[in-house]
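1. give me coordinates for this.
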Amino acid sequence: MIPCVILLTFNIIKAQERDTIVRAITAEDPAAETAYNEGTALLQQKQYREAVTKFNEAIELKPDFAKAYMNRAASFVELKNYSAAAADYGKATEIDPSPSAHFAKARVLYEMKKLDEAKDNYAAAISLDPEYSQAYYYLGGILFEQGLYEEAIVNYNMAIDNKKDYAYAYNDRAGCYRSLGKLDKAMADYDKAINYAADNASFYGNRGSLKRQTGKFEDAIKDCNKALEIEANNYITLNNRGLSKFDAGKYQEAIEDFSSAIKLKFDYDYAYNNRGNAKYKLKDYAGAVADYSQAISINPKYGYAYLNRGISKEMLRDEDGACADWQKAFEMGAASAEAYLNGQCK
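-> Numbers count the residues shown, from 1 in each chain. Predicted coordinates:
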């Protein structure tokens, strides 16, 4: 059987964040507060550089102005100046160690790929506010990325305990269960995520890919159909529906889905490989070779595309070409290519 590359879709999906803009105030230092309020208005108007200038004025007049540091940091985030944003959020946490300041700093540190520091700041936010659902959720997300699935589940549990309808937390906890092979629990969590957010295409797509994984191909197709009703131009969902149709033996329909995915993403190497597999099943070996070749031109390190192209070339009686592809596939880490090399190549 020709291997199919499965593109799973249980990536971390970010929830709506808390508002990190601190609203206008009036109080002790009129000049600093006037500059601060003007900066806040500019920030809300998306005039970020001008906002920074005003927050600079406010901080110069009032060096311990935590809210000005927070909003200047928010401006720096919009300007993609993450190091300056992290410094300002850090200063805000020194002056006023609020949960929201630690949370905002953690988000910036994550963008800077400083995952351990980000985790520390999420933990600090939680220590100040043990019911901070989003902090648990985002901390769980980093642990998920690091492959620490059991620890991630603990944090998703806490996020859900504090927010019973937290659809994203159910979705991402399902991804952890799936990675641990606990597929029944994963399915139950996808069901809950959809129950609380029935208009989220990604949740249907994730559940559909799990149904395919468990051999429920027709049910997987139905979930992909639902996802595409919500988000018609999602090339990942089209690819995944094509894979389910392939597994159900609907090769021509699978080709149509892979082709639709390619129209949306012309450099989608997985879809070319998968379409090649479907063409192979329909004995269109030349068409399969063309698709595998396209996948390889996009991704020259795509070992399974070499393996599959070798199999199709063998069917076309191009044995030298087949052996060359299998050798390349083996070098690229497709271990199953070794059997073809040993059995059919001199």
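2. show me where the stretch 201-346 of the chain has its helices.
-> Listed in chain order, the helices of the stretch 201-346 of the chain (DSSP state H, counting those that start in this stretch) span 201-213, 217-230, 235-247, 251-264, 269-281, 285-298, 303-315, 319-331, 337-344.
3. now the shortest one: buried residues?
-> By neighbour count, and taking 16 or more other C-beta atoms under 10 Å as the criterion, the buried residues in helix 337-344 are 337, 340-341. The way it works is simple: take the backbone N, C-alpha and C, and place the C-beta from them, glycine included.
4. can you give me the helices for the stretch 51-200 of the chain?
-> 66-78, 82-95, 99-111, 115-128, 133-145, 149-162, 167-179, 183-196.
5. could I have the helix or strand of the chain with the lowest mean pLDDT exported to CSV, CA atoms only?
-> Of all helical and strand segments in the chain, the minimum by mean pLDDT, DSSP states H and E falls on helix 337-344, at a mean of 92. What follows is helix 337-344, C-alpha atoms only, in CSV (Å, rounded to 0.1, in the frame of the first residue of the first chain):
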residue,chain,number,x,y,z
ALA,A,337,12.1,2.2,1.0
GLU,A,338,14.8,-0.2,2.1
ALA,A,339,12.5,-3.2,1.4
TYR,A,340,12.1,-2.0,-2.2
LEU,A,341,15.8,-1.5,-2.6
ASN,A,342,16.7,-4.9,-1.3
GLY,A,343,14.0,-6.7,-3.1
GLN,A,344,14.0,-5.1,-6.5
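6. packing partners of it?
-> In this structure, helix 337-344 makes packing contacts with helix 303-315, helix 319-331, judged by 3 or more C-beta pairs under 8 Å, 6 or more residues apart in numbering; DSSP states H and E.
7. so that helix versus helix 303-315, what angle?
-> With axes from the mean of the first three to the mean of the last three C-alpha atoms, to 10 degrees defining the directions, helix 337-344 sits at 20 degrees from helix 303-315.
8. circling back: got JSON lines for the helices of the stretch 51-200 of the chain, with mean neighbour count too?
-> Output for the helices of the stretch 51-200 of the chain, formatted as JSON lines (neighbours: other C-beta atoms under 10 Å):
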{"stretch": "helix 66-78", "mean neighbour count": "25"}
{"stretch": "helix 82-95", "mean neighbour count": "21"}
{"stretch": "helix 99-111", "mean neighbour count": "24"}
{"stretch": "helix 115-128", "mean neighbour count": "19"}
{"stretch": "helix 133-145", "mean neighbour count": "24"}
{"stretch": "helix 149-162", "mean neighbour count": "20"}
{"stretch": "helix 167-179", "mean neighbour count": "25"}
{"stretch": "helix 183-196", "mean neighbour count": "19"}
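9. dump those to TSV, plus mean pLDDT.
-> TSV is the format used below for the helices of the stretch 51-200 of the chain (pLDDT from 0 to 100):
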stretch	mean pLDDT
helix 66-78	96
helix 82-95	96
helix 99-111	96
helix 115-128	97
helix 133-145	98
helix 149-162	98
helix 167-179	98
helix 183-196	98
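10. now tabulate these in JSON lines and tack on distance to residue 258.
-> Compiled in JSON lines, those are given as follows (distance: least, C-beta to C-beta, whole Å):
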{"stretch": "helix 66-78", "distance to residue 258": "38"}
{"stretch": "helix 82-95", "distance to residue 258": "38"}
{"stretch": "helix 99-111", "distance to residue 258": "34"}
{"stretch": "helix 115-128", "distance to residue 258": "35"}
{"stretch": "helix 133-145", "distance to residue 258": "29"}
{"stretch": "helix 149-162", "distance to residue 258": "31"}
{"stretch": "helix 167-179", "distance to residue 258": "24"}
{"stretch": "helix 183-196", "distance to residue 258": "24"}
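11. which one of those helices lies closest to residue 292?
-> Nearest to residue 292 among those is helix 167-179; the distance by C-beta to C-beta comes to 28.9 Å.
12. and among the helices and strands packed on helix 337-344, the most buried is which?
-> Most buried of the helices and strands packed on helix 337-344, by mean neighbour count (mean count of other C-beta atoms under 10 Å): helix 303-315, with a mean of 25.
13. average pLDDT across it?
-> Across helix 303-315, pLDDT averages out at 97.
14. could you say what helices and strands that helix packs with?
-> By 3+ C-beta pairs under 8 Å, 6+ apart, helix 303-315 packs against helix 269-281, helix 285-298, helix 319-331, helix 337-344.
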